[in-house]
Every structure is written in structure tokens, then in C-alpha cells.
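S.K.: Return a 3D structure for these sequence lines:
(2 chains)
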Amino acid sequence: MNFEFSKKLKTVCYILIAVGIITVIAGFMSGETVRTWSNLLIDNFLFLAIAVFGTFFVALLYLTESAWGVTMKRIPEAMSQFLWVAGVIMLLIFIGGHHYLYHWTHPELTDPASPRFDALITEKSVYLNTPFFLIRMVFILGIWIFCTHLLRKYSRRQDDQGWQGYHKKSRFTSAVFMVFFAVTCVVAAWDWLMSLEPHWYSTIFGWYVFGSLWVSGTAVAILLLVYLKRKNLLPNVNANHLHDMGKWLFALSCMWTYLWFSQFMLIWYANIPEEAAFYLPRIKHYPELFYGMLFVNFLLPFLVLMSRDSKRNTVYLVAVAILVFIGHWLDFYVLVMPATVGEYWSIGWIEAGILLGFIGGFLFVTFKSLTKASLEVKQHPFLQECVHHHV
Amino acid sequence: MGNKIFAIYDDEERLIRAVKKIRKGGIAIHEVYTPFPVHGLREALGLPRTRMAIVSFLCSSTGVFLALWGIWYMMIYDWPMNIGGKPSFSFLENLPSFVPPLFEAMVFSAAHGMVLIFLLRSWILPGVTPKNPDPRTTADKFLVEIIEDGEGTREGIISALRETGAEEVRF
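M.R.: Numbering: from 1, shown residues only, chains lettered A, B, ... in the order given. Model prediction:
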């Protein structure tokens, strides 16, 4: 059964994309340059994370030889197709907005003659310099996109040709991807988010961003899954599969909180100025978001999804998935904004418009790739096991 | 209470098929003993879902609240402590340092409470005569226990059990 991308839905996507583009242009024209760049970075990173989650999740299913996710495999696969769009935008954001976003890119900081000379950034400039940064970005995105492309290609060919050798090829690609991803997702988090504050560092930061990536991707996958299920396009996905996705959402919310808290508590307890410099502006100027995030990202999913019945109920699942999605947008907002606009923040039309634009773009690419392959996986060694999955 | 009839099976798939067949035949199963949890047996036996999750929730809540009270009493009220160089003496402001022990107390209470309540509920305690009729069910055999209600049914039950593929039928 193929997904049909209706005219109505397409129009909605076009309108959302147009809203996003108009907001970006209006944002730059209205003089809110830094705020607009920051919003582009937040939303693009969020959707880049959601897209690369798709590849990560498919690779994880292959490597763990999981049967339960086979019938819904097309959804993370389609999500991952947004990766190249987000990758290109990421490059454009760095090329266009590096002086507004990344403090360390200013050349006078590493010039000993300049009054703005910064010894720490000069020390770090072996790693944090524009050419090397761009090389890393292209390399990381290149590998991610290449593995995504291969996994998608093998999966579709396996369905068309019925040759199970593609399963082995997918598994090999997944293993290669996973090894690279383990390193590169951490490097990406350092480069694209942690270097916003080049004086500060945290060793758990990469995993913390990876936690956000995983849980926000799971939330979006649940939303798409329920949407397609409601359209009766996934006859082989039932409450048992939803239950498993609900378990993921529950567990990953806890994992994200664990990582968030591990970073926060050590810095809070040690109280070393150079480390606390990261949390001080966030607690001082963003207290509602900083603490509110914990309710949305931890307490609500934890309490609501604790019971088995709510994990099997689409209404609860969708409500929590939407909350978690908003919560992780806030998470990236609180990561980026204090480093760029500082205390002069507000959530208004720029935030809403750019987020809507990215939602439109993401949905357009995802729905487009959902139409290209049958939603039902026809050839997979674990297909029957997945159909009879029972928890 | 009538006599007990035991049917022994050597495979869990066969056991589940047999349980379904026995219940369809109108014979009430009193108990099934297996060496490990058999997936799908609960549904086949028509038993309600386990309430262990509720026990877990209640135990862990108890643990968290006891730990909250204990930490507050010890660290804030009885002898105010300077935690992490921040002498605020306020429970809320020191909360980050209390989260790990709260979590530990929660896990401890949930784990111990669940084990104790499980043992009490199934009455597996030191000195209690075991209800398990055949020690082989702790190794590799599956046993279905049926309590005979009236006189004349014994032969019928035994032949029904043999039909379901029981390796051995005793009474």
C-alpha cells in the first residue's frame, strides 16, 4: 500500500515552507539578524537530528536483529531522507551566519596585536578554525548522507528483487554507520552547538545532544506512525508495536534527563566559575524555559507513559510525543539562545515562523519519500515475526 | 477438596496448545508449574494481568517519600548542612544533590518491596511446605494441575489430558 500525498497536504506543506521563508526574510529585514540566524540554527539542528535519527534507528534495528520494528521501517527511512536538505542548510547557516553565531570565527580573537585577543580561543584554534570546521562538517554530513542513501537503496531493492542478500548488505552498512555515528554525532554536537560558547566545555555534552536527538526523533516517528495508522495504511502495525514505541519514548525521556542531570549536577556541585558560566545565564535569564523543560521532557512523559495502557493508547502517545517535540525544541533553544542573543530573548513570530517553515519542509520531504516505496515491507527475514509481535 | 491430577509436558508450545484445549473441553485448570515464564500462558489460562506494576509504583513512591523526609530531617532540619559550598540551608536549592539518593531509595524500595510482596503473595517462605508437586518443573518439565470435583470424571479427565499430548499423567 502506497502513501498518497494529497493535494491538500501538499498545499499545507507549501504554505508552511512559504511562511518559513517569509519569516527568515522579514527577520533579516527587521534587524533581528542574530535572532534569525539563531532560530535557523535551532530548528535546522532539531530537524537534522530527527532526520539522522531515522538512519540511526534503522541501523539499530538491523544491528540488534530486532523484529518488532520491521513493519514500520519505512517511517524512519522516510524521515532520514530530510538529512541532505538539513545538511545543506547547516552548511549555508555556517557560511552565512558564522560571525553572528560562532564567536570564535572572528579573526581578531587569535591576533595577538588586537585588543580583542583571546588566549583561550587562540589555544583552541588548532581545532576551532573555519577551514577545519567546514571540512569536519562536510565529512560528517557526507558519511551520514551516504549511509542513509545506501540503507534506503538496499531496503527498496530488497522489496523489488526479493534477494535477501540485501539484508546482509544493510547490516554491514549499519555497522559501519554506527561506528562512524558514535564518534561523529559527538563531534557534531561539539562543533555545531558547544562551540557557540568556545570558552566552556563539557565531556558529556555530545551524549546529551545525542539523547535529545534520539528522543525527539522517536516522538516524530510516533506522530507519523499514528497518522499513517489512522489512515489505515499500516495494517501490520498494531497496539503491540505502538507499545514498543511508547516504551522507547518513556525510556529515552528518562535517558535524556539522566544525561542532562549528570551534566548539570556535577557543574552545580563543583561550582567552578569557568564551568558554571554555562548555566549561570540560563538560570538567570531563562528560568521558565530552563526548569519548565524538565517538566515537559521528563516529568510529564514519565508520569503519563508509566502505565501500560497509556503506551497502547494513541491519544496519550500523540499528546506526549507533541509535548516532547516542543520540549526538545526548547532544549535546543536554551542551548543556543543564551550564547547568541544573551538575555535579550523572547519567543515570538520569528521563532514560530521558522519552526513552521522547517515543519513544512520536513513533512514535504518525508511524505514525498513515503510515496516512493510501499509502506508495507514485503521482503525482510523478520517480517513474519514482526507481524506476530506480541507484548 | 478433590484429588489432584497432574499432566506433565516437555515443551512450552505443546503446553500452551494443551492448556487451550483443556479449557475448551470444560475442565478447570487449578495451576500450571513451569521452569520459566512462558510467553502467552497467561492469556491461554485466562488469568488477569499481574498487579506487580502497581506494587512497584506504590513501593517506589513509599521509598521516595521516606527518603525525602529523611533527607530533609537530617540535612536541612536537624543539623543544617553546607552542601557543595552553598550554605543556603534550603531543601529546594539543594535538591540536585539529593536526586541521586532519592533515586537509589526509590529503586531499593521498589526492588525489595516487590520481591517481599511476591514471596508473601505466593507464600514461598522459609519453613513452608512447597506446593510444587514435582521438582522436575524446576528443570525442564511443564506441569498442569487439575483438581477433580466429582467422582465419575477422573477417567474422562485423564483421557482428555492424554489426548493433549501429555507425556505423563499422574494422580
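
S.K.: where's the residue of chain B found nearest chain A relative to B:L92, distance?
M.R.: Of all residues in chain B, the one sitting closest to chain A is B:G84 (4.3 Å; C-beta to the nearest C-beta). Yep, even glycine has a C-beta here, placed from its N, CA and C like the rest. Look at B:G84 and B:L92: by C-beta to C-beta, to the nearest Å, they are 14 Å apart.

S.K.: Pick out whichever of these two has more residues nearby.
M.R.: B:G84 (15 against 8; other C-beta atoms under 10 Å in any protein chain shown).

S.K.: Which residues are in contact with A:E77?
M.R.: A:G54, A:V58, A:L151, A:R152, A:S155, A:S369, A:A373 (C-beta atoms under 8 Å, 6 or more residues apart in numbering or on different chains).

S.K.: 10 Å - rerun?
M.R.: By C-beta atoms under 10 Å, 6 or more residues apart in numbering or on different chains, the contact list for A:E77 reads A:54-55, A:57-58, A:148, A:151-152, A:155-156, A:366, A:369-370, A:372-373, A:377.

S.K.: any weak-confidence spans in the chain?
M.R.: Reading this off chain A. By pLDDT under 70, chain A contains no weakly predicted segment.

S.K.: Oops, wrong one, chain B.
M.R.: Ranges of chain B meeting pLDDT under 70: B:1-2, B:150-152.

S.K.: and the longest helix along it, anywhere near chain A?
M.R.: When chain B is scanned for its longest helix (criterion: DSSP state H), the result is helix B:95-121. Yes. Helix B:95-121 comes into contact with chain A (C-beta under 10 Å from any C-beta of the partner chain), by way of B:L95, B:P96, B:S97, B:V99, B:P100, B:F103.

S.K.: what comes up buried for stretch B:162-171?
M.R.: Within stretch B:162-171, the residues scored as buried using 16 or more other C-beta atoms under 10 Å in any protein chain shown are B:T164, B:A166, B:V169.

S.K.: which residues in chain B form strands?
M.R.: B:4-9, B:31-33, B:142-147, B:168-170 (DSSP state E).

S.K.: Sheet-wise, list the partners of the third one with their directions.
M.R.: Here strand B:142-147 has these sheet partners by DSSP bridges: strand B:4-9 (antiparallel), strand B:31-33 (antiparallel).

S.K.: contacting residues around A:L196?
M.R.: Going by C-beta under 10 Å, 6+ apart, A:L196 touches A:S38, A:L41, A:L101, A:Y102, A:H103, A:W104, A:L335, A:V336, A:M337, A:P338, A:A339, A:T340.

S.K.: any idea which element the residue in the stretch 201-350 of chain A that chain B sits nearest to lies in?
M.R.: Closest contact between the stretch 201-350 of chain A and chain B, by C-beta to the nearest C-beta, is at A:Y269 (4.3 Å). Taking DSSP states H and E as the criterion, A:Y269 maps to helix A:239-270.

S.K.: can you state the direction angle for that helix and helix B:95-121?
M.R.: With axes from the mean of the first three to the mean of the last three C-alpha atoms, to 10 degrees applied, the angle from helix A:239-270 to helix B:95-121 works out at 140 degrees.
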